[in-house]
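> Here is my input, please return the structure:
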Amino acid sequence: MEEKLRVLLAQLPVPSAPSLNTPLAAGYLAAYAESLGLAAVAEITLLPRALADHAGDAALVEAIVARAPHVLGLSLYTWNSERSLAIALRARARLPGLVVVVGGPEVQPDNPWVLEHPAVDVAVIGEGEQTFAELVRALADARRSSPGRPPTLGHVPGLALRSPGGGMAFTGERAALGDLGAVPSPYLGGWLELPPGGVQMVEISRWCPYSCSFCLYGRNMGPRLGSRYFGLERVLGELAWGKARGVRAVHFVEANLNLVPLFWPLMRALADLNADRQITFYAELRGEHLTDEVVAALDAANVRVVEVGLQTANPVALRAAHRRTDLTKWAAGTRRLYARGIEVYLDVILGLPADDAAGVAETLAFIEREGLGPYDIFTLQVLPGTAVRREAAQQAMRFQSRPPYYVLATDRLPFPELRRLRRELKLGAGIEPDAIEGVPAPREDALGQPELEETADSEVEPGAGAANDGLLRRLELDEAGHWRAPGGAWQSAAGLDSALARLAAHVDVVAPALALGPAGALVAQIGAASPSTVVDLYLRCAGEPPPPDALRAWRESVPHAPGYLDRVAVYAGEGAGGGPPEPDHGRVSPRIFLALPWTALVEPAAYTGVAAVIWIFRPTPDAPLPLGAWRSAGGAGIYLDLGPAAPGKREALLAEARAWAAEHGRILWW
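The predicted structure follows:
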């Protein structure tokens, strides 16, 4: 019996939001290929979410190699493209003959860094179901008829192929599907899984009637709606599937939910299906069309979180960005959402074409004048495939060549002005200006001290210190450079390789402050094995903590290859200290936390930009928590060392401390 073509599909998450990483595109590809009978010649699988969502780079390489696919398909988005391609390159080095196929929004004819990446063999341009199915058929046929020879793929439309002389050659253009009913549901077909607490993504249509220059949504998918939306029965079937599995949050993948024909029958059906209001829905809406009747229907269906945009109220910038917004109607519709208690995401984008400081001020004045609620600040992403990228030279735009493609300057806003505006607006909106979007939150149990064996140089038992997925999330270090995982014994550095291959994408390293030397070596080894892993380094300080300048110099001495999150961080900080006037990136990892005794005489502000201070506090029996003193002390938050507190007292203290942390924007470790 001939061996089937083994195809492995994978999608990697935003580091801070694995619950949102439903690989919907991969599910569509697999379901559509199966509907055409390709299961007879190809075995298509999706990388399990427990690995895709949480594993570090080295662990992902091992997972791919263990499955030995003939074809590795990757869904590329701004947040995962660089990481995905680096992992694919490492996997192919160990799997001779592996064909790497990429698709997704990052794959555009004007994005050469992706198309010409050495990991890429085949790139799918635009909508992928038809192209992927034909590609799999061609690869399977070539494997049977001409084993060991490069397949001929020029007859498959919608591809960019590695040419023998270098660069990429494009095949014919692929027309989008005329009727989305041809694509089976990946949920109902058993292709997708949802972890506990996960968010279900349900696509409504592939269409947008607008042509905002900064947006990619709906491009390469046809200019008219036609039958480019999924039927009501299918959508309700997917929602019922999710509800039966305990889903409590659903995100409608649709840019203009209240404009598609499905809106009214869907809202009426959801009012019945979700009468118990157990499911909360998230939707993107067009604000000008939010009448009283529309908002009442949203409320009845329990659509509780919506995004209505705004981006700018500067009429000059609106015209330059080809964004048609009736601001008066938009504001009236948005206020109707507030009146129903629906949470509104209202976004303002800095760096839009033709916008300037006065235009940004007008946007803020409009928000206040119209009585609109909280807003968030974003920096323009000059995405491949968009008009704003094609027109960038006209606006003297400079932007990052790699994701997230942030604008770094325009003809009206130089980098220092963009950074100043961003900081001022975030502070004015009550948002921490130095928070890096996409970075995972610190783990509240990172400083816990499990019962561990104290024998040095012994072996860590398989799976020790790992969660159910077998990944290591915490390592402890001593002053001599020995390390251990939770549940394991102390080991010398020589035994670290097996642990590095099992690290998660977010790792806590806990060490005494006197172990900076060994900590630097360990962080460097983690970075070499898994460059995308975010390391949180917790330094326990029994005495004087390292001075800020020494800690800053130590951090800079640890080797680090800038990645996606570092480029996201380009606007963080005050820009002081003699750095470049227009940098390309900041630095995210390792994040350093100084755990200090509550009585330590340290000013947390002295460590701004290099480390965050955590106060270690052990409650005194029957004494109230000093919440006011905690707030005055500053720092990132409190490690509440509860010690042997009685269970009832323990829960009461935790509840009180968590409420305090939430109120004051601090973090509680315990």
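> Quick check: residue 331 vs residue 344, distance?
11 Å (C-beta to C-beta, to the nearest Å). From N, CA and C alone the C-beta is placed, and that goes for glycine too.
> higher neighbour count, the two?
Applying other C-beta atoms under 10 Å to residue 331 and residue 344 shows that residue 331 carries more neighbours, namely 22 against 19.
> Distance check, the residue lying closest to the more buried one once chain neighbours are set aside against residue 332.
Distances taken as C-beta to C-beta, 6 or more residues apart in numbering put residue 370 closest to residue 331, at 4.0 Å, once the chain neighbours are dropped. To residue 332, residue 370 is 8 Å away according to C-beta to C-beta.
> repeat for residue 538
Distance of residue 538 to residue 332, given as C-beta to C-beta: 50 Å.
> more neighbours, these two?
Using other C-beta under 10 Å, the more surrounded residue of residue 538 and residue 332 is residue 538, with 24 against 15.
> Wait, that one touches residue 512, no?
No - counting by C-beta atoms under 8 Å, residue 538 does not reach residue 512; the two are 10.0 Å apart.
> per the record, what domains does this protein have?
5-170, 199-378, 472-617 (automatic domain parsing).
> Would you confirm that residue 63 belongs to a strand?
No - using DSSP: H, G, I helix; E, B strand; the rest coil, the secondary structure at residue 63 is helix, not a strand.
> mind listing what the residue lying closest to it once chain neighbours are set aside touches?
Nearest residue to residue 63 in three dimensions, chain neighbours excluded: residue 51, at 5.0 Å (C-beta to C-beta, 6+ apart). Taking C-beta atoms under 8 Å, 6 or more residues apart in numbering, we find residue 51 in contact with 59, 60, 63, 469.
> any idea how far the spatially closest residue to the first one that is not a sequence neighbour lies from residue 352?
It stands for residue 59. Counting by C-beta to C-beta, 6+ apart, residue 59 lies nearest to residue 502, which is 5.7 Å off, once chain neighbours are set aside. From residue 502 across to residue 352, the span is 44 Å (C-beta to C-beta).
> now do residue 198
Using C-beta to C-beta, residue 198 is found at 34 Å from residue 352.
> I would like the residues contacting stretch 414-431, please.
348, 350-351, 357, 360, 364, 374-377, 379, 407-409, 413, 432-433, 571, 574-575, 581-582.
> Residue 20 is in contact with residue 13, isn't it?
Yes - Residue 20 lies in contact with residue 13 (C-beta under 8 Å); the separation is 7.0 Å.
> Would you mind telling me which of the two has the busier surroundings?
Between residue 20 and residue 13, counted using other C-beta under 10 Å, residue 13 has the larger neighbour count: 22 against 14.
> Residue 248 - how many residues pack around it?
Residues near residue 248, counting by other C-beta under 10 Å: 13.
> Nearest to residue 6, out of the contacts of residue 51: which one, please.
Of all the contacts of residue 51, residue 63 has the smallest distance to residue 6: 13.9 Å, by C-beta to C-beta.
> Near the closest one, how many other residues are there?
20.
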